[in-house]
Every structure is written in structure tokens, then in C-alpha cells.
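Peer 1: Okay, sequence plus prediction incoming.
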Amino acid sequence: MLVMMTVLFVTLLLLLGSGVWVAFSLLGLGWLGLSQFTSVPTGDVLASNVWGDSYSWELTALPMFIWMGEILFRSRLADDMFTGLSPWMQRIPGRLLHTNVIGCGLFAAVSGSSAATCATMGRMTIPELTRRGYDEQLVIGTLAGSATLGLLIPPSIILIVYGVATDQSIARLFMAGIFPGLLLISLFAGYLMLWSWRFPDKVPPAESGLPLGEKLRRARRLIPLLALIVGVIGSIYAGLASPTEAAAVGVVLSLLLARVQGSMNGGVFRDALLGAVRTSTMIAFILAGASFLTAAMGFTGLPRELAAWIGTLGLSPVMLLAALTLFFILLGCFLDGISVVVLTTSIMLPMVEAAGIDLIWFGIYLVVVVEMSQITPPVGFNLFVLQGMTGRNILSIAWAAMPFFFLMMLGVVLISVFPGIVTWLPQAMGN
């Protein structure tokens with residue numbers, strides 16, 4: 001068993017390190033495990049698992065939510081969001097820096113993508129906030145940390161992947177992500193307030209206040225965004241729609257919103273559709289490889305043996321989570337979030353279940369830890385996005401994001417100490 005584990009681990013490192021696509025790496029690893037360490041017919045397992053998981057009904061929500069995010073990414077939603085939020089932030093310590101935090105939270109609730117949230121908000125707020133005299137280092141750090149909310153706040157693409165991989169309710173996972181998302185927003189906003197009190201000279205003075213009527217008039221531009229959030233998330237929570245049906249509603253509403261704004265034409269529609277196809281195909285391919293690897297690991301018995309070995313160590317659930325947190329952060333330094341989830345699910349779930357950890361809670365914990373890996377070099381996707389927009393060295397961007405890395409670590413501690421933050425809302429859904 002030790003020889004098999006060593007061979008598979010070294011092979012995975014060689015495949016990923018040589019630039020082989022993640023999906024091919026997973027397929028190749030599963031093929032090696034079955035062909036060399038079992039007598040199972042490898043081709044039969046490959047065909048049945050890839051085909052069987054390729055038409056999962058739960059997966060139909062994935063391309064719809066991605067398409068919705070692509071449509072909104074190309075609309076004037078971000079401009080409307082900044083215009084509606086900024087007048088209300090002038091008197092809060094930290095002032096317009098909070099538009100990054102709240103704006104990313106709102107956009108995450110309709111895009112489901114960390115990279116899309118980072119690119120959309122950064123394209124607008126970085127030049128605007130630096131022009132107004134805000135500290136560029138903090139502007140970049142705030143955006144890097146807040147954009148990771150796209151992985152957690154529903155509709156989250158990575159939560160759909162986790163739900164399919166672990167056979168958990170996607171609707172309950174969506175609900176479980178709401179309060180932790182609000183918790184992280186509060187932690188980020190609190191840090192900005194403390195920072196502005198500590199360094200008042202680095203925050204521009206408040207601009208002349210607008211009359212209440214003008215603030216309300218500008219806030220009306222937030223109504224379409226809020227209606228879209230309520231339409232998608234509210235329909236799931238109320239039991240009126242499944243995640244797939246809610247995703248279809250979201251696509252229709254986003255098309256209407258873009259049309260009303262005047263930003264929808266044939267070119268935008270084509271680009272959004274093709275972008276959704278490319279992203280959805282990539283994720284589906286990775287999931288097919290992960291399904292084959294999961295079956296292969298089951299036949300080899302490696303997950304059972306590994307879980308049994310962990311059990312002999314006598315680790316408490318707290319120590320197990322601490323070890324897994326370190327493992328996921330290190331893995332996230334080299335892989336994107338979806339790859340981390342699909343690579344580790346088949347191996348980690350037996351020991352997580354043996355420790356009595358709720359799988360809905362573990363899904364949210366896993367996503368928050370994966371969020372942390374999005375802002376750690378060398379493969380932090382949000383760092384790449386910000387580097388492309390600012391031209392700055394990736395290490396300086398990672399340094400700017402470091403406080404938010406530790407704030408997310410604090411969030412992991414809080415949901416571990418108070419698991420009801422995650423589990424209360426899914427339990428309140430009933431059936």
C-alpha cells in the first residue's frame with residue numbers, strides 16, 4: 001500500500017508539473033492505479049464512470065450559472081453597483097474601500113466565480129480608487145481577498161462541483177454558504193475600519209455629502225441586481241425551484257437586465273455563450289477524470305487504508321481539521337480550487353465521515369480554505385487576474401492580500417467553534 005501511494009503521488013506530481021491538463025492527469029493516474037495494482041478491467045471502468053457521470057442532472061445547473069456570470073460580466077452591472085454604493089460609504093471609516101468588499105459580495109451572489117468577480121470589480125474600482133488617492137496596496141489587497149467570495153456565496157460553481165462529487169444537496173450547500181459569506185464580509189469590513197483608524201493619513205478626506213434624495217436616486221441602480229439575487233437564491237430557499245431551475249431563471253433575468261441596460265447585442269451574446277461553453281467543458285472534463293480516479297481509488301482500497309491509518313493516529317476532529325487545513329493550503333499553492341476539490345474528495349471523505357464531521361459543513365470549510373489558496377502564490381488565480389490588470393509583481397500583490405488570508409483563517413476558526421453558522425440555515429430549510 002505504501003509503494004502504491006508513493007508511485008501514484010510521484011506520478012501525479014510529474015503529470016501536473018509537466019503541464020499536462022488536470023483532467024488528463026486524473027485519467028492517467030486512475031488508469032495507472034487500476035492497471036498496475038488491481039485486476040479490474042480498466043477500460044470498462046473508464047467507460048462506465050465517465051459516461052455515467054457526464055449526464056448527471058445536478059451538473060445541468062453548472063453551465064447555466066456560468067452563462068449567467070458571463071452575461072453579467074459583459075453588462076454595465078458593475079458600474080451601476082459602484083454608483084449605487086459609493087454615496088453611502090463616505091462616512092464609514094475606510095470610506096470607498098468598502099465598495100470593494102460589498103461590491104464583490106454582491107457580484108459574487110450573481111456570478112458564482114471568483115475570477116469573474118475579481119476581473120469585473122477590479123476593472124472599475126482600481127483606477128477609480130487610486131485616482132481618488134486611496135492606498136493602492138490596500139486597494140489591491142482588498143480586491144484580492146474580497147473576490148474570493150465568488151467561491152462561497154451562492155450560486156457557487158465550486159459548491160456545485162463538491163455537491164456532485166459527494167452526493168450532497170446542492171440547494172443545502174448554497175444555503176450553508178450564505179452566513180459564512182456574510183461573516184467574511186464583516187471581517188473584511190472590520191479590518192478596513194481598524195486600518196483606517198490606525199493610518200488616517202492614508203485615507204482621503206470624505207467628499208461633500210450628497211442630499212438624501214440624490215443618494216436614494218443613485219441607490220435605485222442597485223434594484224436590478226438585488227432583484228436578480230432574490231430571484232435566484234430566494235426561489236431555492238423557498239422550495240419553488242431546484243438549483244438547475246433557479247439557474248435558468250437567473251440566465252433569463254440577466255439577459256433581460258443586459259437588454260434593458262442597452263449592453264446586449266449579438267456580439268455580447270455570442271461571447272458570453274462561448275465563454276460559458278469553454279468554462280463548462282473544462283469543468284465537466286475535470287469532473288469526468290475525477291469520477292474515474294474516484295472509482296480507481298475505490299478498487300485499489302487506498303482511501304480505506306488511508307482512513308484506517310489516520311484512525312490509528314487517534315487524531316481528534318480538531319487535529320484532523322488542522323492537518324487538512326495545512327494540506328489544502330499547500331495543495332492550493334499549485335492547483336486551482338476546483339482541481340483541489342475533485343482531487344481530494346475520494347481520499348478525504350472516508351476519514352471525514354469516520355470523524356463524525358457533517359459533510360455539508362465540511363463542504364463550506366473546504367471552500368473557505370480553497371478561497372485562501374486563491375491568493376497564495378505561485379498558482380493563486382486572483383493574483384494572476386490582478387497582475388494582468390495592474391502590471392505589478394505577483395509577490396507584491398500576494399503581500400497586499402496577506403491580511404485577508406489571515407482573516408479567512410479566522411473565519412475557518414469561527415465556523416469550527418460555532419458550526420451553527422454553517423448548518424443552521426440548511427437545517428431551517430426543512431425538506
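Peer 2: Nice, thanks for sending it over.
Peer 1: Please count neighbours and contacts with C-alpha atoms only from this point.
Peer 2: OK.
Peer 1: Low-confidence stretches in the stretch 301-431 of the chain?
Peer 2: Low-confidence segments of the stretch 301-431 of the chain, defined by pLDDT under 70: 303-304, 306-308, 310-311, 332-336, 377-381, 430-431.
Peer 1: run the last query once more with 90
Peer 2: Scanning the stretch 301-431 of the chain for pLDDT under 90 picks out 301-358, 367, 369-401, 425-431.
Peer 1: In the protein, which helix is the longest?
Peer 2: helix 266-300 (DSSP state H).
Peer 1: Can you list the buried residues in it?
Peer 2: Buried residues in helix 266-300, counted by 16 or more other C-alpha atoms under 10 Å: 268-269, 272-273, 275-277, 280, 283-297, 299-300.
Peer 1: quick one: the spatially most central residue of the chain and Ser114, what's the gap?
Peer 2: Among the residues of the chain, the one closest to the centroid is Leu151, at 1.4 Å (C-alpha atoms, centre = their mean). In this view, Leu151 and Ser114 are 6 Å apart by C-alpha to C-alpha, to the nearest Å.
Peer 1: Could you do Thr130 as well?
Peer 2: From Thr130 across to Ser114, the span is 22 Å (C-alpha to C-alpha).
Peer 1: Compare these two and say which is more crowded by neighbours.
Peer 2: Shown here are Thr130 and Ser114; by other C-alpha atoms under 10 Å, Ser114 has more neighbours (28 against 14).
Peer 1: Report the contact partners of that one.
Peer 2: Counting by C-alpha atoms under 8 Å, 6 or more residues apart in numbering, Ser114 touches Ala108, Ala147, Thr148, Leu149, Gly150, Leu151, Asn382.
Peer 1: one more time with 10 Å, if that's ok
Peer 2: Residues near Ser114 by C-alpha atoms under 10 Å, 6 or more residues apart in numbering: 104, 107-108, 144-152, 156-158, 337, 371, 374, 381-382.
Peer 1: Nearest residue to it in space, ignoring adjacent ones along the chain?
Peer 2: Residue nearest to Ser114 in three dimensions, not counting chain neighbours: Gly150, with 4.2 Å by C-alpha to C-alpha, 6 or more residues apart in numbering.
Peer 1: Need the per-residue pLDDT for the one you found.
Peer 2: Listed pLDDT for Gly150 reads 76.
Peer 1: So it is in contact with Ile102, correct?
Peer 2: No: using C-alpha atoms under 10 Å, Gly150 is not in contact with Ile102, being 12.0 Å away.
Peer 1: Could you tell me which residues touch both of these two?
Peer 2: Joint contacts of Gly150 and Ile102 (C-alpha under 10 Å, 6+ apart) are Ala108.
Peer 1: which of those two has more neighbours?
Peer 2: Taking Gly150 and Ile102 together and counting by other C-alpha under 10 Å, Gly150 has the greater number of neighbours (29 against 20).
Peer 1: Tell me the spacing between that one and Leu62.
Peer 2: For Gly150, the distance to Leu62 equals 14 Å [C-alpha to C-alpha].
Peer 1: What's the local residue count around Ala165?
Peer 2: By other C-alpha under 10 Å, the residues close to Ala165 number 18.
Peer 1: From Gln427, how far off is Arg221?
Peer 2: Distance from Arg221 to Gln427, counting by C-alpha to C-alpha: 34 Å.
Peer 1: same check, this time on Leu366
Peer 2: Distance of Leu366 to Gln427, given as C-alpha to C-alpha: 19 Å.
Peer 1: Neighbour count: those two, which is higher?
Peer 2: Remark: of Leu366 and Gln427, Leu366 carries more neighbours, 23 against 13, as counted by other C-alpha under 10 Å.
Peer 1: if I read this right, the more buried one contacts Phe328, doesn't it?
Peer 2: Yes: look at Leu366 against Phe328 with C-alpha under 10 Å: they come within range, at 8.0 Å.
Peer 1: Which neighbours do those two have in common?
Peer 2: Residues touching both Leu366 and Phe328 by C-alpha under 10 Å, 6+ apart: Gly337, Val340, Val341, Met372.
Peer 1: Quick one: buried ones out of the residues you listed?
Peer 2: Among the shared contacts of Leu366 and Phe328, those buried by neighbour count (16+ other C-alpha under 10 Å) are Gly337, Val340, Val341, Met372.
Peer 1: pretty sure the first one is in contact with Ile375, am I right?
Peer 2: No: because the distance of 11.1 Å does not satisfy C-alpha under 10 Å, Gly337 is recorded as not touching Ile375.
Peer 1: quick one on the thing from earlier: what's the farthest-apart pair in the shared contacts of Leu366 and Phe328?
Peer 2: Put simply, by C-alpha to C-alpha the two of the shared contacts of Leu366 and Phe328 set farthest apart are Val341 and Met372, 13.6 Å from each other.
Peer 1: Now do the helices for the stretch 101-250 of the chain: every range, in order, please.
Peer 2: Using DSSP state H, counting those that start in this stretch, the helices of the stretch 101-250 of the chain run over 114-131, 136-147, 157-166, 170-176, 178-198, 212-219, 223-229, 235-237, 243-261.
Peer 1: Mind checking the ones you listed for the one nearest to Leu46?
Peer 2: Smallest distance to Leu46 across those (C-alpha to C-alpha): 16.5 Å, for helix 157-166.
Peer 1: Counting by contacts, list what that closest one packs against.
Peer 2: In terms of contacts (3 or more C-alpha pairs under 10 Å, 6 or more residues apart in numbering; DSSP states H and E), helix 157-166 is packed against helix 61-73, helix 170-176, helix 266-300, helix 337-354, helix 359-373.
Peer 1: that older thread, now tabulate the helices of the stretch 101-250 of the chain in JSON lines and tack on mean pLDDT and distance to Trp21.
Peer 2: Converted to JSON lines, these look like this (pLDDT from 0 to 100; distance: least, C-alpha to C-alpha, whole Å):
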{"stretch": "helix 114-131", "mean pLDDT": "74", "distance to Trp21": "19"}
{"stretch": "helix 136-147", "mean pLDDT": "87", "distance to Trp21": "25"}
{"stretch": "helix 157-166", "mean pLDDT": "84", "distance to Trp21": "18"}
{"stretch": "helix 170-176", "mean pLDDT": "89", "distance to Trp21": "27"}
{"stretch": "helix 178-198", "mean pLDDT": "90", "distance to Trp21": "31"}
{"stretch": "helix 212-219", "mean pLDDT": "79", "distance to Trp21": "45"}
{"stretch": "helix 223-229", "mean pLDDT": "79", "distance to Trp21": "34"}
{"stretch": "helix 235-237", "mean pLDDT": "74", "distance to Trp21": "34"}
{"stretch": "helix 243-261", "mean pLDDT": "83", "distance to Trp21": "28"}
